[in-house]
Every structure is written in structure tokens, then in C-alpha cells.
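Trainee: need coordinates for the below:
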Amino acid sequence: MQKFGKQLYVKYSSPWFEDDSSSSSKYYNYTNFSILDDTKGSLQTTFKSDSQQYVDWGKTAKIGEKGEIYTIYTNRGKNQNYHLKATSKEGKVLWSKTFTEKDSSQGIAGMFMLKNKTLLVYIRLNTYKYNIYRFDSTGKLLQKKQLNEYVDDYQNGYLFTYSSLGKTKARVSFYDDNLNFKFKTDVTFGKDDFRGISSDGTLYYTGFDKAKNVTTVLAKNKNGALLWSKKFTGTQWRDNYYDGNGYKDEFVIVIGNTIYKFNAKGLAGKKQLSSERADFQVGEDRTVLVQDQTKLYLLNEKMEVLRTANTEYLPGRFAIQSQIIVKHY
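Mentor: Numbering: from 1, shown residues only. Presented below is the predicted three-dimensional model:
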């Protein structure tokens with residue numbers, strides 16, 4: 001059993017309410033935070049975000065190295081300034097910042113916790129123009145930079161962005177924790193869509209041939225050299241590089257009615273399922289929890305079944321308004 005260190009359990013929920021003060025119905029919400037004891041699960045403290053603040057975990061909220069909770073938000077109304085707030089796990093406001101940028105029609109803001117233990121905040125000015133800020137845990141501004149590229153995600157020590165090369169092509173650029181450009185890869189949509197970069201520097205891509213119903217999975221190194229390429233029958237679905245997944249490394253993806261795992265050498269394991277489009281989550285111990293209609297599977301690193309359980313199946317997609325986040329620190 002792998003020991004990760006002290007754990008912080010954060011339960012958050014966002015009740016909705018309707019604002020009838022305007023002619024058109026608008027919805028706002030706030031977020032309740034509950035901090036749970038890491039050994040017994042008992043409630044340690046609870047606090048509510050500002051009434052104007054809505055938290056979308058994975059984009060506008062993060063947990064820091066000491067268990068502090070960072071949130072970025074705007075007040076109600078149009079064209080409002082963005083705010084950044086750090087709150088201790090006891091619910092005490094540690095510090096806050098107000099940005100000059102406002103929430104406009106183009107406005108999108110989010111944050112990433114970097115491997116060097118700093119906080120990166122990005123604010124979109126237009127589709128291919130972003131202001132980037134880096135803060136330490138005390139709120140000190142370490143760096144500000146503007147990128148004329150679309151900010152997409154942060155994975156395994158790299159912030160990556162997209163820039164257009166035409167209707168069917170794009171360039172993906174990779175930056176380190178100090179926002180220095182490191183390397184790039186060019187992609188063709190539908191042929192070699194970039195999915196993610198693992199901790200060993202392997203880049204994973206997928207392509208889909210709709211006429212043949214065939215998905216291609218391929219891997220390259222940071223120099224662009226092809227490591228391997230494999231084809232599978234079926235439509236690609238979720239992979240492990242989605243927002244909120246606890247483990248973004250190697251490559252796990254559902255194709256048709258099978259979940260596959262890959263590494264730099266190729267296929268590392270697979271598990272056939274009874275349905276297509278199964279949901280899954282990869283834990284920090286690399287186990288994979290799969291919901292396959294009425295079945296739950298817990299798989300090991302080789303995609304072998306460790307445990308199974310029955311669960312109620314809810315068809316279709318629905319919004320989660322309450323979730324528990326586990327942070328090891």
C-alpha cells in the first residue's frame with residue numbers, strides 16, 4: 001500500500017437560486033465548503049463562500065500544498081472584476097487579490113497548481129489572448145505574462161496552449177513552471193488530436209476514422225518522433241486527462257466497449273465492458289474505478305479486476321452539485 005501523507009477531504013456543494021429582479025431569469029449560486037477529518041471523516045469546520053461566488057472545481061478552485069483553498073470569482077452582474085481569494089482549511093481568509101481584468105463576453109478565468117508549488121491564474125482577454133499571473137502561497141506576485149495563444153491545460157509540469165494553423169490544424173506549445181517555452185507539436189484535427197503529456201514526457205494523441213469506425217491511438221516523444229501507433233474498432237470516449245481526474249499520467253481511454261491503458265511502450269492493459277461510453281476515474285494509487293451501467297469495477301495498474309459492486313444505473317448525463325475532493329499534502 002502506498003502512503004501519500006496527510007489527507008484533506010473537502011466537500012463542496014453549490015445550491016442554485018433564481019434571480020427575479022431582471023426581465024430574464026438568471027441563476028447564481030454560492031458554494032458551501034465542509035472540511036472533514038482525515039482519519040474519522042468527522043466534520044472539522046464548514047464555511048460558505050461569498051454569496052456572489054460560484055466555484056467550478058478543477059477550473060476556479062484548487063487546494064494548495066498546506067491545505068489552503070484558492071478560488072477565483074466575480075461579483076454578480078456584467079463586466080465585473082475578477083477576484084482571487086485564499087482561505088485556510090479552518091475557513092479563515094488568508095489573503096485576496098482583485099484583478100483589473102473584467103468578466104466580459106470573452107471573459108474566462110481559471111487556475112492551476114504548479115509542480116513548483118506556485119499558483120498560476122489565467123484570464124482570457126479574447127480567444128487567443130490571455131494574461132497569466134503566478135503567485136506564491138503568501139499572495140506575492142511572482143510573474144505576469146501575456147500569451148497570444150489559447151490556454152488549455154496544465155499537465156505534469158507543462159502549461160500547454162493552442163494557436164491556429166488554419167481550419168484543420170493547430171500548434172500546441174508547452175511552457176515550464178516559469179512560463180518559458182520548451183517545445184511544440186502540430187496536430188491535425190481528427191487525425192492526431194493531442195490528449196495529454198505524461199510525467200515521462202510521452203505525448204499521447206488520438207484520431208478517428210468515422211467511415212471505418214476505427215480509433216487510432218499514438219504516442220510521440222517531445223522531439224516529435226513516433227513511438228508507436230495502434231488501431232482499435234470503436235468510437236473514442238473519455239480519457240484520463242479530463243478536468244478533475246486525480247491521476248493524469250500514462251494514458252487511459254474508453255474506446256467502444258473496452259477501457260485501455262497505454263504507456264510509452266504501448267498497450268499496458270485492457271478490460272472489456274458490457275457497454276460503450278463508460279465513465280471512470282483514476283486514483284493517485286493508479287487504480288481505476290469504472291462505472292459500467294449497473295456494475296462498478298476497481299481495476300489495478302494492469303487493468304485486472306480487484307473488486308466489483310452493483311450500483312443503480314442512471315442513464316444520460318447530469319450535473320453534479322455536490323462532490324468530495326481528496327487532497328494529499
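Trainee: thinking Leu227 is in contact with Tyr204, fair?
Mentor: No. The pair Leu227 and Tyr204 does not pass the contact test of CB atoms under 8 Å, sitting 9.7 Å apart. Using the backbone N, CA and C atoms, a C-beta is placed for each residue, glycine as well.
Trainee: check which helices and strands the longest strand seen in the chain sits against.
Mentor: For the chain, the strand reaching the highest residue count under DSSP state E is reported as strand 93-102. Secondary-structure packing of strand 93-102 (3 or more CB pairs under 8 Å, 6 or more residues apart in numbering; DSSP states H and E): strand 81-87, strand 119-126, strand 129-135.
Trainee: again, only this time at 6 Å
Mentor: When contacts are defined as 3 or more CB pairs under 6 Å, 6 or more residues apart in numbering; DSSP states H and E, strand 93-102 packs onto strand 81-87.
Trainee: look up how far Ile259 lies from the residue nearest in space to the middle of the chain.
Mentor: What sits nearest the mean C-alpha location of the chain, by CA atoms, centre = their mean, is Asp243, with 2.0 Å. Asp243 sits 19 Å away from Ile259, going by CB to CB, to the nearest Å.
Trainee: swap in Asn81?
Mentor: 44 Å.
Trainee: Phe251 against Thr206, yeah?
Mentor: No. At 9.1 Å, Phe251 does not count as touching Thr206 under the criterion of CB atoms under 6 Å.
Trainee: burial check on the nearest residue to His83 once chain neighbours are set aside, number of neighbours?
Mentor: Counting by CB to CB, 6 or more residues apart in numbering, His83 lies nearest to Thr98, which is 5.3 Å off, once chain neighbours are set aside. Around Thr98 there are 10 other residues, counting by other CB atoms under 10 Å.
Trainee: please apply the same query to Leu142.
Mentor: Count around Leu142 with other CB under 10 Å applied: 13.
Trainee: leaving out the residues flanking it, which one is nearest to it?
Mentor: Arg134 (4.5 Å).
Trainee: residues in contact with Thr202?
Mentor: Ala219, Ala264 (CB atoms under 6 Å, 6 or more residues apart in numbering).
Trainee: torsion angles phi and psi at it?
Mentor: Thr202 adopts backbone torsions of phi -80, psi 130, taken as degrees, to the nearest 10.
Trainee: sketch out the low-pLDDT regions of this protein for me.
Mentor: 1-58, 76-77, 105-107, 244-246, 312-329 (pLDDT under 70).
Trainee: ok, back up a step: in terms of neighbours, single out the busier of Asn81 and Ile259.
Mentor: Ile259 (26 against 12).
Trainee: specify the beta-bridge partners of that one.
Mentor: Beta-bridge partners recorded for Ile259 (DSSP bridges): Val254, Lys271.
Trainee: correct me, but it touches Gly269?
Mentor: No. Checked against CB under 6 Å, the pair Ile259 and Gly269 is beyond contact range at 9.0 Å.
Trainee: could you find the closest non-adjacent residue to Tyr154?
Mentor: Phe112 (3.8 Å).
Trainee: that neighbour: neighbour count?
Mentor: Count around Phe112 with other CB under 10 Å applied: 20.
Trainee: touching, it and Asp153? I think so.
Mentor: No. Using CB under 6 Å as the test, Phe112 is too far from Asp153 to be in contact (7.9 Å).
Trainee: re earlier: more neighbours, Leu227 and Tyr204?
Mentor: The residue with more neighbours, out of Leu227 and Tyr204, is Tyr204; 25 against 16, by other CB under 10 Å.
Trainee: which ones are touching the more buried one?
Mentor: Arg195, Gly196, Ala219, Phe251.
Trainee: do that again at 8 Å, thanks
Mentor: Shown in contact with Tyr204 (CB atoms under 8 Å, 6 or more residues apart in numbering): Phe194, Arg195, Gly196, Ile197, Ser198, Val217, Leu218, Ala219, Asp239, Phe251, Phe262.
Trainee: likewise Ser163?
Mentor: Tyr128, Asn148, Glu149, Tyr150, Ala170, Arg171, Ser173.
Trainee: okay, the residues you listed in JSON lines with neighbour count, distance to Lys302 and secondary structure next?
Mentor: Conversion of the contacts of Ser163 to JSON lines gives the following (neighbours: other CB atoms under 10 Å; distance: CB to CB, whole Å; DSSP: H, G, I helix; E, B strand; the rest coil):
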{"residue": "Tyr128", "neighbour count": "15", "distance to Lys302": "42", "secondary structure": "coil"}
{"residue": "Asn148", "neighbour count": "11", "distance to Lys302": "44", "secondary structure": "coil"}
{"residue": "Glu149", "neighbour count": "20", "distance to Lys302": "38", "secondary structure": "coil"}
{"residue": "Tyr150", "neighbour count": "19", "distance to Lys302": "37", "secondary structure": "strand"}
{"residue": "Ala170", "neighbour count": "20", "distance to Lys302": "34", "secondary structure": "strand"}
{"residue": "Arg171", "neighbour count": "14", "distance to Lys302": "36", "secondary structure": "strand"}
{"residue": "Ser173", "neighbour count": "19", "distance to Lys302": "35", "secondary structure": "strand"}
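Trainee: that concludes my questions; thank you for your assistance.
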